[in-house]
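> just the structure for this:
(chains A and B)
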Amino acid sequence: MITRILFSFLATGAFAIIFNTPWNQLPWAAFTGMTGWFFYEIINLVYGYEAAIIISTVIVGVMSNYFSKKFKSNIHPFITAGIIPLVPGASAFFTIQKFIENNPSGAFRYAYETFVAAFGIVIGISVSSYISKLIFKNTRK
Amino acid sequence: MHLERVADIFIEIAGLLFLYGSNAGEIENTITKLGNSYGLEIQIASIGTVIYLTVIDAKGKSITRIKRVTVNEINFYKLEKLENLLEKFISERTPLLIVKKELIDLNKKYMGKTVPFFITIIAVFVACFSFSVVFKGNFTDAFISSVVGTFVYLSTLKISNRIFKDFIAGFFIHTFLEVFSIFMKLNFLPALAGSIMIFVPGLLLTNSVIEIGERNFVSGSSKLLESLIILSALVLGAGISSALWR
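The predicted model follows:
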């Protein structure tokens, strides 16, 4: 698990480079992604997939708001890199693949994961936006 | 300055904000603040890829501009520089002639200030490798994933249609991984997940959610739909390859 969490730092950092994130914000964008993934792994073990997606997205959102305030910059460099690991690209693919293999029960399992992740991110970002407004009343963005 | 020229400058700024990755709410807020600081009333809507702007002066004279932004160059570095400059304009009420000049200077100064191409390629390689490990792959899976991901990224670089690009990317990623799996033992899920992550429309999805949260329903839902279509294109490309390999 520790290896995966460390590599999530590299993964989100590399993504931040692809998006031309300013160099001084790069480690913090990667740190946001790593923290989000850390909470995803921990909460997934204890409370399951659904809670893990929503809570880790909320944490990524609040951290992104904090860093955007700290650097007096836009929230995007942090939140975009931070939620990337949670976006359900692979599970969406396996939904289609299981349908092609005529395995509806497998397809529904992956479809459920995809649905939960996609809308979990939607709910998580909305909640984090509200929480951040309460916490950081003087945030520029 | 003539109202027509003012509207031209404001729509140009709105277009640049959109181009570099701002969402609808941010574009609308920034342009409204900018206009208000010059004593102008602003009505602006950024919907999908179109920006509608009306500038109204103190005498009630109004002028409308519409701009369609079809390209999207995500560049947070340029976005930050532009936003800092706009904050300065708003606080100092810089004369609009100078605003125009400073915008041109900014564009010239930071035109080449993007990450060098070879660093982007290394970043793509590292992203694919790392995501493959994050999704429980071993280092062999991660290496194959990063080779395939980087190769497909380079191959599809010149395709401008995002949906077609992601469809082709999904198809090639799955096909190449199937070819590799003939010669070596490969955990397919982490290898595939690592490669496809760089094509996932993360910013579009984030912006769509933020816009829906700000009650920009038309813009937000159109972006959400676009991100879901792009994701579906990626998945269907890989799905068709999967069907051919069965």
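
> run a quick neighbour tally on the spatially closest residue to residue A:78 that is not a sequence neighbour.
Of all residues beyond its chain neighbours, the one nearest residue A:78 is residue A:64 (3.7 Å), with distances taken as C-beta to C-beta, 6 or more residues apart in numbering or on different chains. In short, each C-beta sits where N, CA and C put it, glycine included. Using other C-beta atoms under 10 Å in any protein chain shown, residue A:64 has 31 other residues around it.

> which ones are touching residue A:64?
The neighbours of residue A:64, taking C-beta atoms under 8 Å, 6 or more residues apart in numbering or on different chains as the test, are A:32, A:75, A:78-79, A:82, A:128.

> try 6 Å this time
Each residue near residue A:64 by C-beta atoms under 6 Å, 6 or more residues apart in numbering or on different chains is listed here: A:32, A:75, A:78-79, A:82.

> what do you get for residue B:214?
Contacts of residue B:214 by C-beta under 6 Å, 6+ apart are residue B:25.

> then the one 10 residues further on?
Shown in contact with residue B:224 (C-beta under 6 Å, 6+ apart): residue B:208.

> look up how far residue B:210 lies from it.
According to C-beta to C-beta, to the nearest Å, residue B:224 stands 11 Å off from residue B:210.

> cool, and residue B:142?
Distance of residue B:142 to residue B:210, computed by C-beta to C-beta: 32 Å.

> give me the three-state assignment for the closest residue to residue B:193 other than its chain neighbours.
Nearest non-adjacent residue to residue B:193, counting by C-beta to C-beta, 6+ apart: residue A:90, 3.6 Å away. Under DSSP: H, G, I helix; E, B strand; the rest coil, the three-state class of residue A:90 is helix.

> low-confidence stretches in chain B?
B:1, B:71-72, B:110-113 (pLDDT under 70).

> does the residue sitting nearest the centre point of it count as helix, strand or coil?
Residue closest to the average C-alpha location in chain B (C-alpha atoms, centre = their mean): residue B:74, at 4.2 Å. Under three-state DSSP, residue B:74 falls in the coil class.

> which bits of chain B sit near chain A?
B:21, B:74-77, B:79-80, B:114-115, B:123, B:126-127, B:130-131, B:133-134, B:193, B:196-197, B:200, B:202-203, B:206, B:209, B:213, B:231, B:235, B:238-239, B:242-243 (C-beta under 6 Å from any C-beta of the partner chain).

> distance between the ends of stretch B:16-29?
The straight-line separation of the ends of stretch B:16-29 (C-alpha to C-alpha, to the nearest Å) is 14 Å.

> just checking, residue A:93 touches residue B:236?
No - assessed by C-beta atoms under 6 Å, residue A:93 is found out of contact with residue B:236, at 9.1 Å.

> which one of the two has more residues nearby?
residue A:93 (27 against 17).

> what's the per-residue pLDDT of the more buried one here?
What the model reports as pLDDT for residue A:93 is 70.

> hey, which helix is longest across chain A?
Looking across chain A with DSSP state H, the single longest helix is helix A:104-135.

> list the buried ones in that one?
Residues of helix A:104-135 classed as buried by neighbour count (16 or more other C-beta atoms under 10 Å in any protein chain shown): A:107, A:110-111, A:113-114, A:116-118, A:120-122, A:124-129, A:132.

> what's the closest non-adjacent residue to residue B:32?
residue B:42 (4.6 Å).

> the one you found looks like it's in a strand, true?
Yes - membership of residue B:42 in a strand is supported by three-state DSSP.

> pretty sure it contacts residue B:34?
No - proximity of residue B:42 to residue B:34 does not meet the contact threshold set by C-beta under 6 Å, at 7.8 Å.

> circling back to that earlier point, output the contacts of residue A:64 as CSV; include the columns pLDDT and secondary structure.
Below are the contacts of residue A:64 laid out as CSV (pLDDT from 0 to 100; DSSP: H, G, I helix; E, B strand; the rest coil):
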residue, pLDDT, secondary structure
A:32, 91, helix
A:75, 82, coil
A:78, 87, helix
A:79, 85, helix
A:82, 86, helix
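
> looking at those, spot the one nearest chain B.
Checking the contacts of residue A:64 against chain B by C-beta to the nearest C-beta gives residue A:79 as the nearest, at 5.6 Å.
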